[in-house]
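Novice: Let me see the structure of the following:
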Amino acid sequence: MENRKQIFYWSLFDFANSTYATIVLAFVFAIYFTGVICKGEPVGDFYWSLGINIAMIVSAVLNPLCGALADFSNSKKKFLFFFTILAVIPTSLMYFTGEGTILFALVLLILSNIGFQTGLTFYDAFIKEITEEKYYNKVSGIGYAVGYLGSILSVVLVFPLKDNPNLLFLICGVLYFVFSLPLFLFLKEKEKKHEEVSYLSYGFKKVIETLKEISKHHNLKWFLLSYFFFIDAVNTIIFFSGIYAQKTLNFEVSELAIFFLLVQITALLGSLFFGYAGDKIGIHKSIVITLVIWTLITLAVFFTNDKMSFFIIGAFAGTFLGATQSLSRTMMAKLTPYNMKATLFGFYSLLEKTSTLLGPLTFGLVSWLSGSQKLAVLSVGFFFLIGMLTFRKVKV
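Specialist: Model prediction:
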């Protein structure tokens, strides 16, 4: 496999942004926001979902447009740098949040999440420049594996800083910035000539053309539709796993740290394993297997009432979390025409962002109407089933 250094610089960015995904979105800031900033009031869950949804809507609008502009202007690194800074600064400013600072904390969450989510479009699009198609799956798996190393480091930091979460948010912002630098300093972006034109008009024109282009590609169309449903379920689990464990199973912060550490380790192993297994048994079959397992995992959570069982389920979930993300990115890379890589990855990210509005809303609605987070978890399995049935139409 050529370009090992370029792949290394690229994968370090996954290490960088995984610290944010773990500390802010999945774990510490999530429970800190609902438990401390919102003083444990039930409305805290609503505010959290509101902040996530606003960020996702903005990112969903920006992704395809920015992807088109990046394709045309050959400036993926510039766009990625802007959105990285947009994520890093608000994350660092979370140091100043505390009890009652709901509006301030929400603004920081929204801005940082927009930067994090939108930047992934440009990061993912680099995969077609740093390696050949036959290595997409392995390189994607390496990226996620390195990312989970970042998550593991983040969780380890929780133990000494569990009584000082504000400092942890500041450290998270610093780690995000430092480990993203190698990509900006050393990763080479392929040059291409282009005519002078208005980026804005070109961007909107390209978005319309891309919608038409997707409709022409049978496999790409059905894969993106399937991805819309199953990644929605995955993200819903990520956003609410910590809150669910704390509220329903009465996990302490130290127990949550151990749980997320276990999940990150198994996710790292899963992304590496399926990075190679996908080449052996095929990407299509590998994705189907992961979706079947995810459906069974939601059923297992529904019937689980003790912490030890939840730890075991978390280990399995972690394994297939890394696999699902890595295999999906590989499938997208395989189905995407080279000259539209950033644009189509923009729509790939668009579906992830817009689908995330549906899953958390369903989770919250079911939980509110039924008074049970267990039934809410069960509802997530429905999205995995739809994604699996839709994915059967993809022929590779």
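Novice: show me what contacts the residue lying closest to residue 36 once chain neighbours are set aside?
Specialist: The spatial neighbour of residue 36 that comes closest, neighbours along the chain excluded (C-beta to C-beta, 6 or more residues apart in numbering), is residue 99 at 5.7 Å. Every residue, glycine included, has its C-beta placed from N, CA and C. Counting by C-beta atoms under 8 Å, 6 or more residues apart in numbering, residue 99 touches 36-37, 39.
Novice: Compare those and tell me which has the most neighbours.
Specialist: Comparing the contacts of residue 99 by number of neighbours (other C-beta atoms under 10 Å), residue 37 comes first, having 24 neighbours.
Novice: residues in contact with that one?
Specialist: Residue 37 sits next to 44, 97-102, 105 when contact means C-beta under 8 Å, 6+ apart.
Novice: One more: residue 159?
Specialist: With C-beta under 8 Å, 6+ apart, residue 159 has these contacts: 254, 257.
Novice: one more time with 6 Å
Specialist: By C-beta atoms under 6 Å, 6 or more residues apart in numbering, the contact list for residue 159 reads residue 257.
Novice: Give me the distance between the two termini of stretch 156-176.
Specialist: End-to-end distance for stretch 156-176, by C-alpha to C-alpha, to the nearest Å: 16 Å.
Novice: picking that back up, now the contacts of residue 99 in CSV, please, with extra columns for pLDDT, distance to residue 176 and secondary structure.
Specialist: Listed next are the contacts of residue 99 as CSV, based on pLDDT from 0 to 100; distance: C-beta to C-beta, whole Å; DSSP: H, G, I helix; E, B strand; the rest coil:
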residue, pLDDT, distance to residue 176, secondary structure
36, 92, 22, helix
37, 95, 21, helix
39, 87, 28, coil
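Novice: Show me which of those is closest to residue 136.
Specialist: Nearest to residue 136, judged by C-beta to C-beta, of those is residue 37 at 41.2 Å.
Novice: now that closest one, nearest residue through space, not along the chain?
Specialist: Nearest non-adjacent residue to residue 37, counting by C-beta to C-beta, 6+ apart: residue 105, 5.1 Å away.
Novice: any idea how far residue 127 is from the nearest residue to residue 46 once chain neighbours are set aside?
Specialist: Nearest non-adjacent residue to residue 46, counting by C-beta to C-beta, 6+ apart: residue 364, 7.2 Å away. Between residue 364 and residue 127 the computed distance is 34 Å (C-beta to C-beta, to the nearest Å).
Novice: and these two? which has more neighbours close in?
Specialist: Comparing residue 364 with residue 127 by other C-beta under 10 Å, the one with more neighbours is residue 127, at 23 against 18.
Novice: List the ones among the contacts of residue 37 that fall in helices.
Specialist: Counted as lying in helices by DSSP state H, out of those, are 44, 102, 105.
Novice: now those: which count as buried?
Specialist: Among the ones in helices among the contacts of residue 37, those classed as buried by 16 or more other C-beta atoms under 10 Å are 44, 102, 105.
Novice: For the last one, give me its contacts.
Specialist: With contacts taken as C-beta under 6 Å, 6+ apart, residue 105 has the following neighbours: 33, 37, 97.
Novice: what do you get if the cut-off is 8 Å, keeping everything else the same?
Specialist: Taking C-beta under 8 Å, 6+ apart as the test, what residue 105 contacts is 33, 37, 94, 97.
Novice: Let's have these in CSV, adding distance to residue 80.
Specialist: Output for the contacts of residue 105, formatted as CSV (distance: C-beta to C-beta, whole Å):
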residue, distance to residue 80
33, 27
37, 30
94, 22
97, 27
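Novice: quick one: which of those residues is most hemmed in?
Specialist: Most neighbours among those, by other C-beta under 10 Å: residue 94, with 27 neighbours.
Novice: In this structure it contacts residue 107, no?
Specialist: No. Using C-beta atoms under 8 Å, residue 94 is not in contact with residue 107; the gap is 10.6 Å.
Novice: residue ranges of the strands in the stretch 51-200 of the chain, please?
Specialist: Assigned strands in the stretch 51-200 of the chain: none (criterion: DSSP state E, counting those that start in this stretch).
Novice: how about the helices of it, start to end?
Specialist: For the stretch 51-200 of the chain, helices defined by DSSP state H, counting those that start in this stretch occupy the ranges 76-93, 102-125, 127-130, 136-161, 165-186, 199-216.
Novice: nearest to residue 270, of the ones you listed?
Specialist: helix 136-161 (8.5 Å).
Novice: So for that closest one, what gets flagged as buried?
Specialist: 136-155, 157-158, 161.
Novice: sorry, back to before: residue 287: which of the contacts of residue 37 is nearest?
Specialist: Using C-beta to C-beta, the shortest approach to residue 287 within the contacts of residue 37 belongs to residue 44, at 35.2 Å.
Novice: I'd like to know how far the nearest residue to the closest one once chain neighbours are set aside sits from residue 45.
Specialist: Using C-beta to C-beta, 6+ apart and skipping residues adjacent in sequence, the residue nearest residue 44 is residue 38, 3.2 Å away. Here the criterion is C-beta to C-beta. By it, residue 38 lies 9 Å from residue 45.
Novice: what does residue 25 give?
Specialist: Between residue 25 and residue 45 the distance is 15 Å, computed by C-beta to C-beta.
Novice: same deal with residue 56?
Specialist: In this view, residue 56 and residue 45 are 16 Å apart by C-beta to C-beta.
Novice: The residue nearest to residue 44 against residue 50, yeah?
Specialist: No. With contact defined as C-beta under 8 Å, residue 38 and residue 50 do not form a contacting pair (11.4 Å).
Novice: more crowded one of those two?
Specialist: For residue 38 versus residue 50, neighbours defined as other C-beta under 10 Å are more numerous around residue 38 (21 against 15).
Novice: between the helices of the stretch 51-200 of the chain, which gets nearest to residue 292?
Specialist: Closest of those to residue 292 is helix 136-161, at 19.6 Å (criterion: C-beta to C-beta).
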